[in-house]
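Visitor: sequence? don't have it. structure:
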């Protein structure tokens, strides 16, 4: 049992969220922690780095209003988020794990549908060849004058 992971799970339980990261046709499981304490977010990022082997993206968020405190965020996605979630999972509450599992299932289903669609679609080269030859046949059948 790594006490730093337990600390990170408690912090995430209060300040973090799970998300679907979608960019174009790709989708991935993600995790984000937002806090006004920069040192806490950096310590959280250190724990992620110790588990995953890569430092998460650290972002200074724009203040919605001038009188609001500055917010900092650490976020990870894809296989790194999956690995870190599995390390924290025993110390997260039931509601958090249910939410994470639902998002992970949704992402997995989407990726599986995308893979099956790609498998059914002909390759770009095959599509070009088909278009070329279908146009040639039409040209061969037209009268010359």
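Guide: Thanks, I have it. Remember, predicted model here, so these are calculated numbers, not experimental data. Residues are numbered from 1 along each chain as shown.
Visitor: can you pull out the strands in the protein?
Guide: With DSSP state E, the ranges of strands along the chain come out as 16-23, 26-35, 57-61, 71-77.
Visitor: for the third one, packing partners?
Guide: To tie it back to what came earlier, the one meant is strand 57-61. Strand 57-61 is packed against helix 38-52, strand 71-77, with contacts defined by 3 or more Cβ pairs under 8 Å, 6 or more residues apart in numbering; DSSP states H and E. To be clear about C-beta, it is placed using only N, CA and C from the backbone, and glycine gets the same treatment.
Visitor: contacts only, for residue 29.
Guide: By Cβ atoms under 8 Å, 6 or more residues apart in numbering, the residues touching residue 29 are 18, 20, 21, 77, 78, 81, 82, 85, 100, 103, 104, 107.
Visitor: circling back to that earlier point, nearest to residue 125, out of the helices and strands packed on strand 57-61?
Guide: Judged by Cβ to Cβ, the one of these that comes nearest to residue 125 is strand 71-77, at 32.0 Å.
Visitor: how many neighbours does residue 52 have?
Guide: 17 (other Cβ atoms under 10 Å).
Visitor: just residue 87 next, same as before
Guide: 19.
Visitor: wait, it sits on residue 51?
Guide: Yes. Contact criterion Cβ atoms under 8 Å: residue 87 and residue 51 qualify, at 5.0 Å.
Visitor: need the overlap of contacts for these two.
Guide: Here residue 87 and residue 51 have 2, 5 as joint contacts, going by Cβ under 8 Å, 6+ apart.
Visitor: so the longest helix seen in the chain versus strand 26-35, what angle?
Guide: Counting by DSSP state H, the longest helix found in the chain is helix 94-120. Orientation note: helix 94-120 sits at an angle of 150 degrees relative to strand 26-35 (axes from the mean of the first three to the mean of the last three Cα atoms, to 10 degrees).
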